[in-house]
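Peer 1: quick one: sequence plus predicted model below, questions after.
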Amino acid sequence: MKKILFTMFAVMLTVFIHAAGFTIKGIVQDDAGNPLITQILLKENRKNFLSGADGRFSIPFEGKKATLVFTAVGFETKEITVTDAAPVTVKLKAIVALLDEVVVTGYGTQLKKDITGSVAADAIMAMAKPVLQQSLQGSVAGVVMNGRFRTPAKEYREGTRKDRLLHEPWNREGYDAITENPFRDVAGNPLSTFSIDVDAASYSNIRRMLRSGHLPQRDAVRIEEMINYFPYEYEAPKNDQPFTMHTEQAVCPWEPKHQLVLIGMQAKKIEVSQLPPANLVFLVDVSGSMFSPDKLPLVQASLKMLTDQLRPQDKVSLVAYAGNAGLVLPSTSGENKTLIKEAIDRLEAGGSTAGGAGIQLAYQVALDNYVKEGNNRVILCTDGDFNVGVSSDAALEQLIEEKRKSNVFLTVLGFGTGNYQDAKMQKLADKGNGNHAYIDQLGEAKKVLVNEFGGTLFTIAKDVKLQVEFNPSHVAGWRLIGYENRILAKEDFADDTKDAGELGSGHTVTALYEIVPKGIQLPDAVFTDSLRYQVPSNKMQVTSYHPKFSEELMNIKVRYKAPDGEKSSLLNFPVKGKAVSIYDCSMNFRFAASVASFGMLLRGSKYKGDAAYQTVTQLAGSAIGKDAGGYRSEFLSLVDLAAGIGGKESSMIHYDK
């Protein structure tokens, strides 16, 4: 009898629990198994939830059957039904095709929807809506796209305002124009001077655009940042050297008559345990534009990953800004990780964007907690869309230039799509003795803030400049690939008041020169005008050379300062040798050359020569190596993706005048 009563009680209890509801638990991943921060709609009560940085979620539910809708930027929406508490794994598929037809009237509010695919019409319209907010000279009558949302490559390369807007239809992003470095004749231009650049924001931004199904805007492609996104295995410095220099020469893979020269710098790596104490200020944009899952939620997940790397001797403060700025967390030891993470979790998005006020407060907090001989740094997390107070580029640059005199460095982390202000972020990082990264996914946050923790946050040399002198007995002309916004006047090299780039612990810096050997005609070279009292530079014949240096192709001079120094040191690195096949060179060189040629293809460069997606894949495929982190393998997949987008372009765009 007791056994029967117990069984009945158990059944009744089960029915009661089931009727009372249950907790829905699970994890959201992409096709490769990577966790996703996802917006989750519980349809029964119309409440929204977010999965965590690890992709996991836990949602209390009262009822028998729950319907969940999962939405993430760049992925197809997915709806599932859950009837019990068993953990679920939700796989989201990256969006390949968004729509077949969208008609947008620039001066009106009427939109024609003809949506196909698995993305809901309302979601597409939400993404297309910002187009109406743009100031169009005419209206976009139609976009027909064989399952892809993009413009013809030819029309895009012409760079009109309309087709750029359509290229990423909800786009209000800001990029500075880039004019590619031309070939220069050695007789009139024997020196090339530039600042190093360890930023890699351009590559992760390009990855985001390609994965969204369209080619990047030309000015979003900074080839030096693409090259420097990847780690290279150069010889490490010895003793007290801050860095080493490595050079190689090869036959240019896209122009066999030319040569390609690689210059590689390897910074001294300091183990995290040996780094000086850090005084960090997290400066977080919590304005209304940061609401979407790829912005503030990703910022929070990223900063919590960084928090896990902190030591007891490190300190963190948290400043947030929207319509105004405020101190969320005073300076707190890295030992109190729970307290720091709780403060990060309390951040909510809403309001306008007073970026200038936030920067001023963050620097003041950094100075109030300044650590002598420590790592004092502000870490700015934003989409860069400042619109209140000090917000113009010129005013912000002036503010940052003034603040950097305090020896507080600046790291700029960019987030989001649609209104991302890349140009502003670049300027802030450059003027603030800092670096700039674009965080498009949690994996990128791990790369920048965990794997490259020391390099991102600790500077071993600042104001690092290179000046290359070419030997006219071997070189007729040269072209620096990339670094267009890092070019310096030759007089700036020895001027210690001129700002330049910073080199972090363990960082590598790679630069490529395309060399025109003596006796080969220069393509589209820039010459100086004829002179009245001297032989014109394009006809100048140097009849004598210093015999001591006759075997040298070029000489590299480097100037740098200690992180807290004001006077630079000078090093010289002469380059000798002959060019060999690129396939006989190191994997470092082969891979860097493949990335450079890919960048030229994306830019539609007139200097791309014989470069093609197939040759990029072949060259990169021969240089994968150990590939810690899988970044080089991922590069190959992006090349294939770009080839598919560019090769199958068949859209038609019509404008109503």
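Peer 2: Noted; the coordinates are in hand.
Peer 1: so where's the stretch 201-350 of the chain uncertain?
Peer 2: Counting by pLDDT under 70, the stretch 201-350 of the chain contains low-confidence ranges at 323-324.
Peer 1: ok, 90 please
Peer 2: The stretch 201-350 of the chain contains residues with pLDDT under 90 at 212-214, 238-241, 270-275, 286-294, 321-327, 346-350.
Peer 1: show me the strands in it, by range?
Peer 2: All strands of the stretch 201-350 of the chain, identified by DSSP state E, counting those that start in this stretch, fall at 243-251, 259-267, 278-285, 315-321, 325-333.
Peer 1: could I get the full set of helices for the stretch 101-250 of the chain?
Peer 2: Using DSSP state H, counting those that start in this stretch, the helices found in the stretch 101-250 of the chain span residues 121-128, 153-158, 161-167, 201-211, 223-228.
Peer 1: related to what we said a few turns ago, of all the strands of the stretch 201-350 of the chain, which lies closest to Gly26?
Peer 2: Closest to Gly26 of these is strand 278-285 (Cβ to Cβ; 28.4 Å). To be clear about C-beta, it is placed using only N, CA and C from the backbone, and glycine gets the same treatment.
Peer 1: by contact count, what packs against that closest one?
Peer 2: Under the contact criterion of 3 or more Cβ pairs under 8 Å, 6 or more residues apart in numbering; DSSP states H and E, strand 278-285 touches helix 296-307, strand 315-321, helix 355-368, strand 375-382.
Peer 1: nearest to Leu522, of the strands of the stretch 201-350 of the chain?
Peer 2: Taking the strands of the stretch 201-350 of the chain one by one with Cβ to Cβ, strand 259-267 is closest: 13.3 Å.
Peer 1: in its sheet, what does that closest one sit against?
Peer 2: Partners of strand 259-267 in the sheet, by DSSP bridges, are strand 243-251 (antiparallel), strand 508-517 (antiparallel).
Peer 1: so which of those is the most surrounded?
Peer 2: strand 508-517 (a mean of 23; mean count of other Cβ atoms under 10 Å).
Peer 1: return it as CSV; C-alpha atoms alone will do.
Peer 2: Provided in CSV are the C-alpha atoms of strand 508-517 (Å, rounded to 0.1, in the frame of the first residue of the first chain):
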residue,chain,number,x,y,z
THR,A,508,55.8,42.0,-34.8
VAL,A,509,55.7,44.7,-37.5
THR,A,510,56.0,43.9,-41.2
ALA,A,511,56.5,46.2,-44.1
LEU,A,512,56.8,45.4,-47.8
TYR,A,513,58.6,47.4,-50.5
GLU,A,514,58.1,46.7,-54.2
ILE,A,515,61.4,47.5,-55.9
VAL,A,516,62.1,48.4,-59.5
PRO,A,517,65.6,47.2,-60.3
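Peer 1: can you offset everything so residue one is 606?
Peer 2: All set: I'll call the first residue 606, so the last point we hit is now strand 1113-1122.
Peer 1: now do it: distance to the chain's middle.
Peer 2: Relative to its chain's centre, strand 1113-1122 lies at 22 Å (Cα atoms, centre = their mean, to the nearest Å).
Peer 1: one step back: out of the strands paired with strand 864-872, the one nearest Ser1191 is which?
Peer 2: Minimum separation from Ser1191 across those (Cβ to Cβ) falls at strand 848-856, 6.3 Å.
Peer 1: contacts for the closest one next, please.
Peer 2: With contacts defined as Cβ atoms under 8 Å, 6 or more residues apart in numbering, strand 848-856 is touched by 839-843, 863-873, 1065-1066, 1108, 1158, 1161, 1163, 1165, 1176, 1178, 1180, 1182-1187, 1189-1191, 1193-1194, 1198.
Peer 1: what subset of those residues is buried?
Peer 2: 839, 842, 863-873, 1065-1066, 1108, 1158, 1161, 1163, 1165, 1178, 1180, 1184, 1187, 1190-1191, 1193-1194, 1198 (16 or more other Cβ atoms under 10 Å).
Peer 1: list the contacts of stretch 1086-1101.
Peer 2: With contact meaning Cβ under 8 Å, 6+ apart, stretch 1086-1101 is reached by 781, 783-786, 796, 798-802, 827-832, 1031, 1035, 1068, 1070, 1072, 1085, 1103, 1105-1106, 1116-1119, 1162, 1164, 1166, 1171-1173, 1201, 1204-1205.
Peer 1: show me the residues you listed that map onto strands.
Peer 2: Secondary structure from DSSP state E places 796, 798-800, 1068, 1070, 1072, 1085, 1106, 1116-1119, 1162, 1164, 1166 of the contacts of stretch 1086-1101 in strands.
Peer 1: quick check, pLDDT for the closest residue to Ala1167 other than its chain neighbours.
Peer 2: What sits nearest to Ala1167 in space, not counting adjacent residues and going by Cβ to Cβ, 6 or more residues apart in numbering, is Ala1066, at 7.0 Å. Per-residue pLDDT puts Ala1066 at 91.
Peer 1: likewise for Leu741?
Peer 2: 32.
Peer 1: CA-only coordinates of the helix or strand harbouring Trp1083 in CSV, if you can.
Peer 2: When elements are assigned from DSSP states H and E, Trp1083 belongs to strand 1080-1085. C-alpha atoms of strand 1080-1085 as CSV (Å, rounded to 0.1, in the frame of the first residue of the first chain):
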residue,chain,number,x,y,z
VAL,A,1080,67.4,50.5,-57.5
ALA,A,1081,65.6,52.6,-60.1
GLY,A,1082,62.4,53.1,-58.1
TRP,A,1083,60.4,51.9,-55.1
ARG,A,1084,56.9,51.7,-53.6
LEU,A,1085,55.9,51.2,-50.0
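Peer 1: mind checking how far it is from the chain centre?
Peer 2: 29 Å.
Peer 1: run me through the strand neighbours of that strand, direction for each.
Peer 2: If you go by DSSP bridges, strand 1080-1085 pairs up with strand 788-790 (antiparallel), strand 1113-1122 (antiparallel).
Peer 1: nearest to Thr686, of these?
Peer 2: Proximity to Thr686 (Cβ to Cβ) singles out strand 1113-1122 among these, at 50.0 Å.
Peer 1: got the angle for the closest one vs strand 796-800?
Peer 2: Comparing the axes of strand 1113-1122 and strand 796-800 via axes from the mean of the first three to the mean of the last three Cα atoms, to 10 degrees yields an angle of 160 degrees.
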